[in-house]
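> Any chance you could fold what I've pasted below:
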Amino acid sequence: MAETAFAAAPDLAQALARWRRWLESEKQASPHTLRAYLADVGRFLAFVADHRGGQVSLNGLSGLGLTDFRAFLARRAAEGAGVGARARGLAGIRNFLGFLDREGIVHVGGLTALATPKRRKPLPRPLSEADARAAIDGIPGDGDWIELRDRALLVLLYGCGLRLSEALSLTRGQVPLGPRLTVTGKGRKQRQVPVLPVVAEALAAYAAALPQALPADAAIFRGARGGPLNPAVAEKAVRDLRRLLGLPEHMTPHAFRHSYATHLLKGGADLRVIQELLGHASLSTTQVYTEVEDSRLLAVYRVAHPRARR
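Numbers count the residues shown, from 1 in each chain. Below you'll find the predicted structure:
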């Protein structure tokens, strides 16, 4: 087992081999996952050998305590491993030690009280109002039905703050849109969002140009071959448009939802209202957009204020 460059006692070497076979046959782990887990566990066991001194055995593992695992994470941090790498490494170690416990080979209790390093989620990256407008205006409003489809999709994402999956679930029977749209989001939770005239007009223009008649329960967004529009095709269309117009790399379908929330907040909308419009179960999820706006204001301040430039 080349991934574990340390002195392993025969009982530990046999346990490692059993674990590897279990990952390959029972769990059918991908080659990437297998390599990562073996490397992470090998790194940990090499640390134990260095930390405790001498050969590592199953009996030696059973004596590991919380301080030993914390010392390993501290060593990894000192080596420059980020939060994500440390969390992934700990996942591999938990998998191996959990396997030993379930198989009745050895119990290592010191890991149970150790919290996984938390990776701070990156802030949403909304488009500027100008970039969102440029993306929508970059698609002809009088083009062929594919162009009208792409324009209607972007207008819907930005004008109603929908997730891509929510937009693609819109049916022919829902168009033309009324003043409010009922959306089924995560957990089958329904919410209502107001529909701007520009959104209704874009969907109506696209529906009128469709080359096929659709039943009321059929998804209105269609692929070039006539079936429901695949999310990957929609994402590629946005990438192609982004490159064509020279717009930011973070312009994705979901960025229009972020933009919807951020621009509403900037315009003075109440955070609770934005929560309802986005369909967030928790207000804390919506509050991340206040951090986005604060970050934007701070960046403007640093550029604009004479004292900030010193």
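> switch to C-alpha atoms for all contacts and neighbour counts from now on
Fine.
> Which residue of the protein lies farthest from its centroid?
Gly54 (42.6 Å; Cα atoms, centre = their mean).
> For stretch 236-253, buried residues please.
Using 16 or more other Cα atoms under 10 Å as the test for burial, stretch 236-253 gives Val238, Arg239, Leu241, Arg242, Leu247, Met251, Thr252, Pro253.
> Reformat the residues you listed into a markdown table and put pLDDT, secondary structure and distance to Ala74 next to each item.
Shown next, in a markdown table, are the buried residues of stretch 236-253 (pLDDT from 0 to 100; DSSP: H, G, I helix; E, B strand; the rest coil; distance: Cα to Cα, whole Å):
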| residue | pLDDT | secondary structure | distance to Ala74 |
| --- | --- | --- | --- |
| Val238 | 97 | helix | 42 |
| Arg239 | 96 | helix | 41 |
| Leu241 | 96 | helix | 45 |
| Arg242 | 95 | helix | 42 |
| Leu247 | 96 | coil | 41 |
| Met251 | 96 | coil | 37 |
| Thr252 | 96 | coil | 37 |
| Pro253 | 96 | helix | 39 |
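> what comes into contact with the helix or strand hosting Ala208?
Using DSSP states H and E, Ala208 sits within helix 197-209. The contact list for helix 197-209 (Cα atoms under 8 Å, 6 or more residues apart in numbering) reads 141, 144-145, 148-149, 151-153, 155-156, 159, 172, 175-178, 220.
> Who does the strand or helix carrying Arg191 pair with, and is each partner parallel or antiparallel?
Arg191 belongs to strand 190-194 when assigned by DSSP H and E. Neighbouring strands of strand 190-194 in its sheet, by DSSP bridges, are strand 180-184 (antiparallel).
> Okay, buried residues for the strand it pairs with please.
Across strand 180-184, burial judged by 16+ other Cα under 10 Å covers Leu181, Val183, Thr184.
> What is the nearest of these to Arg88?
Arg88 lies nearest to Thr184 out of these, by Cα to Cα, at 33.7 Å.
> show me what contacts that closest one?
Taking Cα under 8 Å, 6+ apart, we find Thr184 in contact with Glu166, Gln190, Arg191.
> same for the longest helix seen in the chain, what does it pack against?
Across the chain, the longest stretch assigned as helix under DSSP state H is helix 31-52. Counting contacts by 3 or more Cα pairs under 8 Å, 6 or more residues apart in numbering; DSSP states H and E, helix 31-52 is packed against helix 10-25, helix 83-102.
> angle of it against helix 83-102?
Here helix 31-52 points in a direction 80 degrees away from that of helix 83-102 (axes from the mean of the first three to the mean of the last three Cα atoms, to 10 degrees).
> Give me the mean pLDDT for the helix or strand that comes right after helix 31-52.
Moving toward the C-terminus from helix 31-52, the next helix or strand (DSSP H and E) is helix 58-62. Helix 58-62 shows an average pLDDT of 87 in the prediction.
> Mind giving me the packing neighbours of helix 58-62?
Helix 58-62 packs on no helix or strand, going by 3+ Cα pairs under 8 Å, 6+ apart.
> For that helix, could you pull out the residues that count as buried?
Going by 16+ other Cα under 10 Å, helix 58-62 has these buried residues: Leu58, Leu61.
> could we number from 551 for the rest of this?
Understood, numbering begins at 551; the last thing we discussed is helix 608-612.
> Flag every buried residue along the next helix or strand after that helix.
Following helix 608-612 in sequence order, the next helix or strand is helix 616-628 (DSSP H and E). Going by neighbour count (16+ other Cα under 10 Å), the buried part of helix 616-628 is Asp618, Phe619, Phe622, Leu623, Arg626.
> Could you pull up the residues touching Gly691?
Gly691 makes contact with Glu697, Leu698, Arg701, Ala752, according to Cα under 8 Å, 6+ apart.
> which intervals of the stretch 751-860 of the chain have sub-threshold pLDDT?
843-860 (pLDDT under 70).
> can we see that at 80?
For the stretch 751-860 of the chain, the stretches flagged by pLDDT under 80 are 834, 841-860.
> quick one on the thing from earlier: which one of the buried residues of helix 616-628 sits closest to His830?
When those are compared against His830 (criterion: Cα to Cα), the nearest one is Leu623, at 34.3 Å.
> Once you drop chain neighbours, what's closest to that closest one?
Excluding the flanking residues, the one nearest Leu623 by Cα to Cα, 6 or more residues apart in numbering is Arg636, at 6.8 Å.
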